[in-house]
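Peer 1: Build the 3D model from these lines:
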Amino acid sequence: MIDNIGMSNRLALDVQGLGELRGQIAANPDQVLQEAARQFESLLFDMMMKSMRQSVGEGGLLDSEHSRTFTALLDQQFAQNLAASNHGLADLMLQQIRQAQESNNTNHGGFNNGANLPLINK
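Peer 2: I've put the predicted structure just below:
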């Protein structure tokens with residue numbers, strides 16, 4: 001993981017991390033791809049936690065707009081920490097992208113703008 005732009009030690013609301021990630025793509029494309037996969041994994045964990053909270057229902061003494069906002073922020077941070085603890089989903093995405101890149105390079109002589117990536121719909 002990229003030490004100076006890794007998202008695991010940042011707050012979930014730190015918007016400067018994406019800009020730093022874009023700035024590093026030319027110098028370290030493999031590490032940036034790995035960090036982007038970790039961020040995507042974090043997004044999936046966040047969506048999972050939102051769905052879990054919605055399934056419980058609302059109500060009770062502490063139910064307010066403020067507590068829902070705090071819970072959403074807390075869930076974002078939990079999702080980011082979960083993704084940083086290496087559960088393997090980001091690694092599987094990276095493996096699939098790299099296989100697609102290799103087959104693209106052998107078949108077409110270049111990356112072909114990602115048109116044949118398995119994660120992009122045609």
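
Peer 1: same for whatever helix or strand F70 lives in, what does it pack against?
Peer 2: F70 belongs to helix 65-84 when assigned by DSSP states H and E. Packed against helix 65-84, as judged by 3 or more C-beta pairs under 8 Å, 6 or more residues apart in numbering; DSSP states H and E, are the following elements: helix 29-56. In this view, the C-beta of every residue, glycine as well, is placed from N, C-alpha and C.

Peer 1: Run the angle between the helix it packs on and helix 65-84 for me.
Peer 2: For helix 29-56 against helix 65-84, the angle by axes from the mean of the first three to the mean of the last three C-alpha atoms, to 10 degrees is 140 degrees.

Peer 1: Can you give me the buried ones in helix 29-56?
Peer 2: Under the neighbour-count criterion of 16 or more other C-beta atoms under 10 Å, helix 29-56 has 31-39, 41-42, 45-46, 49 buried.

Peer 1: Angles on the backbone of G57, please.
Peer 2: Dihedral pair for G57: phi 100, psi 170, per degrees, to the nearest 10.

Peer 1: do H87 as well
Peer 2: Dihedral angles (degrees, to the nearest 10) for H87: phi -90, psi -10.

Peer 1: Can you give me the neighbour number for Q76?
Peer 2: 19 (other C-beta atoms under 10 Å).

Peer 1: pretty sure it is in contact with M47, am I right?
Peer 2: No: at 10.6 Å, Q76 does not count as touching M47 under the criterion of C-beta atoms under 8 Å.

Peer 1: overlap in contacts of those two?
Peer 2: Shared contacts of Q76 and M47 (C-beta atoms under 8 Å, 6 or more residues apart in numbering): none.

Peer 1: roughly how far apart are E35 and G57?
Peer 2: Remark: distance between E35 and G57 (C-beta to C-beta, to the nearest Å) = 36 Å.
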